[in-house]
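S.K.: after the sequence you'll find the predicted model.
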Amino acid sequence: MNYSISDLEQLSGIHSHTIRIWEQRYNALSPMRSQGNTRLYDDKQLRRLLNIVSLNKSGLKISKICSLSDEAIDKLLDQQFSYPTHDEQADYVSQLIRHGLAFDEHSFNHLIDQSIDQLGLSDCYRKIMYPLLVRLGLMWRKDDICPAHEHFLSNIIRQKIFTHINNLPLTRHTGESWLLFLPEDEDHDIGLLFASYMLRMHHHQVIFLGSKVPLDSIKRIFSTLNVGHVLLFMIKSRSESAAQKYIDELSEICSSAEIHLAGNSEVIGKLNNIDHINWFKTLDEFEKTIQYPFLHERNF
């Protein structure tokens with residue numbers, strides 16, 4: 001797939017002007033040229049840019065990063081993004097990836113079901129599924145997997161969460177209503193699905209819209225329903241101005257509800273005037289928020 005420099009800006013959150021400077025000063029990327037002399041970038045160039053941005057944000061100088069080969073950058077990424085975990089959990093993740101790369105659905109399902117049986121879905125998500133998704137993202141950026149592998153593994157995980165949602169007993173909702181969705185340019189909904197499961201576990205009413213929801217649709221819902229809470233994820237890198245514009249418009253539409261936001265800290269951390277928004281930085285913060293109101297109601 002080919003990308004324009006505007007596409008790279010949207011995908012990386014780095015302004016086009018900065019990307020051009022990195023190219024000219026440090027040979028960061030090697031774009032192709034169209035017949036009209038327009039810069040074009042392929043998947044390999046996109047991955048390199050995303051990796052450069054990640055290492056630069058970790059404190060390394062851009063001149064140093066751009067002088068490195070793709071192989072050297074991969075080694076640094078392995079060091080930067082390794083995560084602490086128990087050996088057994090790391091082994092589970094490695095085995096799941098191995099089965100996924102072979103498109104071995106039977107073995108993948110057996111292992112993920114085993115981990116859910118041992119840990120429960122909540123801890124399995126924390127210790128197995130989420131680290132697996134992080135590893136998959138890193139592997140894509142290193143060109144170790146193709147999009148088909150990521151879709152194959154993600155869809156199985158998605159099915160597991162859906163199954164557990166469907167298996168929850170039907171009970172009367174005692175908590176407030178929560179509207180869950182992703183912005184129109186977002187499609188990675190596994191975190192949102194897990195949030196839906198946790199909310200239903202704690203007897204909250206959930207209106208789950210899923211991915212790629214236009215703001216006009218949110219406006220229509222607020223014109224007809226009484227929504228107490230809004231939860232969305234902003235995962236993709238995007239320019240500060242685009243992210244700010246979206247949040248400002250959403251805040252105006254959802255002014256009668258409490259807004260909760262999770263996702264990419266590099267994007268959310270640069271937003272202005274969001275004192276009215278509850279930013280979930282960890283899963284623990286989310287769980288405390290949805291548990292305590294329910295416990296309070298039961299005690300009284």
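M.R.: Nice, thanks for sending it over. These figures come from a predicted structure and were not determined experimentally. Numbers count the residues shown, from 1 in each chain.

S.K.: state the distance from L29 to S67.
M.R.: Separation of L29 from S67 (C-beta to C-beta, to the nearest Å) stands at 13 Å. For glycine as for every other residue, the C-beta is placed from the backbone atoms N, C-alpha and C.

S.K.: just D275 next, same as before
M.R.: In terms of C-beta to C-beta, D275 sits 42 Å off from S67.

S.K.: more neighbours: which of L29 and S67?
M.R.: Under the criterion of other C-beta atoms under 10 Å, the comparison of L29 against S67 puts L29 first, with 20 against 12.

S.K.: and the strands in the stretch 151-300 of the chain?
M.R.: Along the stretch 151-300 of the chain, the stretches classed as strands by DSSP state E, counting those that start in this stretch are 177-181, 205-210, 229-234, 258-263, 277-279.

S.K.: tell me the most buried of these?
M.R.: strand 229-234 (a mean of 24; mean count of other C-beta atoms under 10 Å).

S.K.: that one - what's its average pLDDT?
M.R.: Across strand 229-234, the average pLDDT comes to 96.

S.K.: one more: stretch 276-295?
M.R.: Here the average pLDDT along stretch 276-295 is 82.

S.K.: measure the nearest residue to Y246 once chain neighbours are set aside to H99 for me?
M.R.: Closest residue to Y246 apart from its sequence neighbours, by C-beta to C-beta, 6 or more residues apart in numbering: P183 at 6.3 Å. As judged by C-beta to C-beta, P183 and H99 stand 32 Å apart.

S.K.: can you get me a residue count around R48?
M.R.: Residues near R48, counting by other C-beta under 10 Å: 22.

S.K.: that one sits in which helix or strand?
M.R.: helix 43-57 (DSSP states H and E).

S.K.: wait, M139 touches P147, no?
M.R.: No: using C-beta atoms under 8 Å as the test, M139 is too far from P147 to be in contact (11.3 Å).

S.K.: what stretches of the protein score poorly on pLDDT?
M.R.: Scanning the chain for pLDDT under 70 picks out 80-88, 141-144, 173-175, 292-300.

S.K.: give me the most central residue, it.
M.R.: I235 (4.1 Å; C-alpha atoms, centre = their mean).

S.K.: surely that one and D185 touch.
M.R.: No: between I235 and D185 there is no contact under C-beta under 8 Å: 9.9 Å.

S.K.: spit out the residues that contact the two alike.
M.R.: When C-beta atoms under 8 Å, 6 or more residues apart in numbering defines a contact, no residue borders I235 and D185 alike.

S.K.: any idea how far the residue nearest to L133 when sequence neighbours are not counted lies from L250?
M.R.: Once flanking residues are discounted, L133 sits nearest to I190: 6.6 Å by C-beta to C-beta, 6+ apart. According to C-beta to C-beta, I190 and L250 sit 22 Å apart.

S.K.: packing partners for the helix or strand hosting T18?
M.R.: Per DSSP H and E: T18 is located in helix 16-26. Counting contacts by 3 or more C-beta pairs under 8 Å, 6 or more residues apart in numbering; DSSP states H and E, helix 16-26 packs against helix 5-12, helix 62-66.

S.K.: rerun at 10 Å
M.R.: helix 5-12, strand 39-40, helix 43-57, helix 62-66 (3 or more C-beta pairs under 10 Å, 6 or more residues apart in numbering; DSSP states H and E).

S.K.: wait, which of these is closest to R25?
M.R.: helix 62-66 (7.7 Å; C-beta to C-beta).

S.K.: using PDB, write out every CA atom in the next helix or strand after the closest one.
M.R.: Sequence order places helix 70-80 as the next helix or strand after helix 62-66, per DSSP H and E. What follows is helix 70-80 as a C-alpha-only set of coordinates in PDB (Å, rounded to 0.1, in the frame of the first residue of the first chain):
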ATOM      1  CA  ASP A  70      16.200  -1.000  10.300                       C
ATOM      2  CA  GLU A  71      17.800  -4.000  12.000                       C
ATOM      3  CA  ALA A  72      19.500  -1.800  14.600                       C
ATOM      4  CA  ILE A  73      16.200   0.000  15.200                       C
ATOM      5  CA  ASP A  74      14.400  -3.300  15.700                       C
ATOM      6  CA  LYS A  75      16.900  -4.200  18.400                       C
ATOM      7  CA  LEU A  76      16.400  -0.900  20.200                       C
ATOM      8  CA  LEU A  77      12.600  -1.500  20.000                       C
ATOM      9  CA  ASP A  78      13.000  -4.900  21.600                       C
ATOM     10  CA  GLN A  79      14.800  -3.200  24.500                       C
ATOM     11  CA  GLN A  80      12.400  -0.300  24.800                       C
END
